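S.K.: got a predicted structure here, sequence first:
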Amino acid sequence: MEVTKKKVLVFGSGISGIGAAKLLETCGAEVVLYDGNEKLSEAELHSKLGEGSQAQIVLGAFPEELYGALDIVILSPGVPTDLPIVNRMREQGILITGEVELAYEAGKGDVLAITGTNGKTTTTALLGEIMGNYRKTFVVGNIGNPYTTAVSLMDEASVTVAEMSSFQLETIIDFRPRVSAILNFTPDHLNRHHTMEAYVNAKKNIARNQTEEDYCILNYEDPLTREFGENIRAQVLYFSSRRKLEKGIYLEDGNIIYHNDRKSCICGVDELKLLGTHNYENVMAAAAMALVYGVPEEIVRNSVLAFKGVEHRIEYVTEKNGVVFYNDSKGTNPDAAIKGIQAMNRPTVLIGGGYDKDSVYTDWINSFDGKVKKLILVGETKEKIARDALACGFKDYQFADTFEEAVLGAAQAAKAGDAVLLSPACASWGMFPNFEVRGEKFKEIVNSL
C-alpha cells in the first residue's frame, strides 16, 4: 500500500486516528483527518497532531467534493465498516483499510498477534514481558498503545506484540503475524458485527495471511477454535486446561507441560502469581507463542513466574505475614467479581461495596462457596449487600466507614495462609473517580502495612 503523495482520509480522531495521521504525514501522504462529531475542537485536534502538521481537519457532515478526491481511507477501529458513507467510498473504488494494516506495512521486524473474546489483555501483557526479556519489543494494539505510534522506533530485529480486536482485524489486507493466537470465541460486539458468524470471521482474519512457515496457537477446548485449526495453512499448536495433548501445551497434575519437539515442564501453577484456570490458559497461550518463536525456555519460565498480571484485575500485590493481597478493583459488577472469587485458592477475606448501580448481589454471594471467611463492606451499598448476604445465609460480614478502615480491617481479620481480596462488585464512584484510583489506594495502604 503506497501512501506517498496519495490523498488519505483518516476516519476517526481518537488515539488510533491521531497515530495514523501522524504516521501518514511522515510517509509523505496528504492527510485529511475526519470525524463526524462536529462538537470536537479543531484547535485541540491540531495540537494533538503536533507542530508542523499539514493535515486538513474536517468535522461534522462529510463534504461531497471529498469523495472524488480520495485515494485511500484508513478507518479507526471504532468506525463500523458498513456505514453508508463507508459503503459509498467502497463503491467508488477507494481503497479502505485500517490502522493495523497501515502500521504493519510501515513497520519493521516480526509481529506476534493475539485475539479472542476473553483474556487478550493478560496474554498480550505477559507475552510482551517474555519477549521484552529476549529482545527489543513493542506492545501495541487494543491494549491501549496505538500500533502506528511505535513504527518509527522499530528495526528489523525488534518484535511487535499486538492485541487485536475484531474491529481491528476487519480491515486487514496483508497483515501477517509470524505467530498468532485465538484464545476463545464467545458472543460479543454483536451490535457491531450483527451475527456471531461475522464476529468469528473477523477474528479468524488474524491467520488469513499466515503460511506454513508461521504458527497459530489455538484453544483445544473451544469447539470453534479447534475446528479452525484443521483448516488453516499455518502450523497449529493447541493449548488445553482439561486434557493431555499429544502435541501442544497443557495442564497436567497442576503443571504446565509443553510438548512439541520434546516434553518439558514450564512451571507448576502454584508457582504463578496469577490465579484461576482462565489465567492458566492465558499463560499457556503466551508461553506457547514465545516458545514456537524460539525464545529459550528459561526466559519463558522466569518471565511467567515474575508476571503479576494486568493491573487491577486479580493483580497480585504482595505477601505480608503469610497473607497474600490481591487487587481486583476492576471487578465493578457482581459478574466480574465472581471471577475474582473463583480464582482464589485459599481462605479469603473479601472487601466489597461502593457505588450502587442497582445491582443484585445474591449470585456473587452464592459464589463464595466456602472460600470467603469474612466480608468487609464499605460504601453506599454496604447495607444492601448485607441484606442480600443474610438472604443467602452468609452472616460473617462487618461494616467499615472508610475505605482505609475496610483494608485495615481485612488485613487484621486475615491469618497466615489466607488471602485478602479487593473485588468490590460495585463501581468506585462516590469514593473514587474510577476503579484505577481505588486499586492504587488499596495497593498504597497494603504496601504500608
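M.R.: Sure, I can see it.
S.K.: averaged pLDDT, stretch 200-217. What do you get?
M.R.: Averaged across stretch 200-217, the pLDDT comes to 94.
S.K.: what sits up against stretch 225-237?
M.R.: 180, 182-185, 204, 207, 210-212, 214-220, 238, 247-249, 260, 288, 292 (C-beta atoms under 8 Å, 6 or more residues apart in numbering). In short, each C-beta sits where N, CA and C put it, glycine included.
S.K.: which among these end up buried?
M.R.: 180, 182-185, 204, 207, 210, 214-220, 238, 248-249, 288, 292 (16 or more other C-beta atoms under 10 Å).
S.K.: of those, which belong to helices?
M.R.: Among these, the members falling in helices (DSSP state H) are 204, 288, 292.
S.K.: wait, Thr122 sits on Asn279?
M.R.: Yes. With contacts counted by C-beta atoms under 8 Å, Thr122 reaches Asn279, the gap being 6.6 Å.
S.K.: anything in contact with each of those two?
M.R.: With C-beta under 8 Å, 6+ apart as the test, Thr122 and Asn279 both reach Gly309.
S.K.: chain center to stretch 66-78: distance?
M.R.: Put simply, stretch 66-78 sits 28 Å off its chain's centre (C-alpha atoms, centre = their mean, to the nearest Å).
S.K.: where does this protein dip in pLDDT?
M.R.: In the predicted model of the chain, residues 186-192 satisfy pLDDT under 70.
S.K.: again, only using 80
M.R.: 117-118, 142-144, 185-194, 335 (pLDDT under 80).
S.K.: centroid residue for it?
M.R.: For the chain, the residue nearest the mean C-alpha position is Thr121 (2.3 Å; C-alpha atoms, centre = their mean).
S.K.: what about the helices in the stretch 201-350 of the chain?
M.R.: 223-228, 277-293, 297-306, 334-343 (DSSP state H, counting those that start in this stretch).
S.K.: just the angle between the longest one and helix 334-343, please?
M.R.: Angular relation of helix 277-293 and helix 334-343 on a 0 to 180 degree scale: 70 degrees, by axes from the mean of the first three to the mean of the last three C-alpha atoms, to 10 degrees.
S.K.: pull the CA atoms of helix 277-293 into CSV?
M.R.: What follows is helix 277-293, C-alpha atoms only, in CSV (Å, rounded to 0.1, in the frame of the first residue of the first chain):
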residue,chain,number,x,y,z
THR,A,277,-8.0,-21.6,35.2
HIS,A,278,-8.7,-18.8,32.8
ASN,A,279,-5.3,-17.3,33.7
TYR,A,280,-3.6,-20.7,33.4
GLU,A,281,-4.9,-20.7,29.8
ASN,A,282,-3.5,-17.2,29.2
VAL,A,283,-0.1,-18.3,30.5
MET,A,284,-0.2,-21.4,28.2
ALA,A,285,-1.0,-19.3,25.2
ALA,A,286,1.7,-16.7,25.8
ALA,A,287,4.3,-19.4,26.6
ALA,A,288,3.5,-21.4,23.5
MET,A,289,3.7,-18.3,21.3
ALA,A,290,7.2,-17.4,22.7
LEU,A,291,8.5,-21.0,22.5
VAL,A,292,7.5,-21.6,18.9
TYR,A,293,9.1,-18.3,18.0
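S.K.: how far does it sit from the chain's center?
M.R.: Using C-alpha atoms, centre = their mean, the offset of helix 277-293 from its chain centre is 14 Å.
S.K.: list the buried ones in that helix?
M.R.: So helix 277-293, judged by 16+ other C-beta under 10 Å, has buried residues 278-293.
S.K.: likewise for stretch 436-446?
M.R.: For stretch 436-446, by 16+ other C-beta under 10 Å, it's 438-443, 445-446.
S.K.: which ones among those map onto helices?
M.R.: Among the buried residues of stretch 436-446, the members that lie in helices (by DSSP H) are 438-443, 445-446.
S.K.: do a quick rundown of the strands in the stretch 151-300 of the chain.
M.R.: For the stretch 151-300 of the chain, applying DSSP state E, counting those that start in this stretch gives strands covering 159-163, 179-182, 215-219, 235-240, 248-252, 255-259, 263-268.
S.K.: packing partners for the fifth one?
M.R.: Under the contact criterion of 3 or more C-beta pairs under 8 Å, 6 or more residues apart in numbering; DSSP states H and E, strand 248-252 touches strand 235-240, strand 255-259, helix 277-293.
S.K.: JSON lines please, covering those and showing distance to Glu380.
M.R.: Output for these, formatted as JSON lines (distance: least, C-beta to C-beta, whole Å):
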{"stretch": "strand 235-240", "distance to Glu380": "42"}
{"stretch": "strand 255-259", "distance to Glu380": "42"}
{"stretch": "helix 277-293", "distance to Glu380": "31"}
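S.K.: and those: which comes nearest Val8?
M.R.: Nearest to Val8, of all those, is helix 277-293, at 32.5 Å by C-beta to C-beta.
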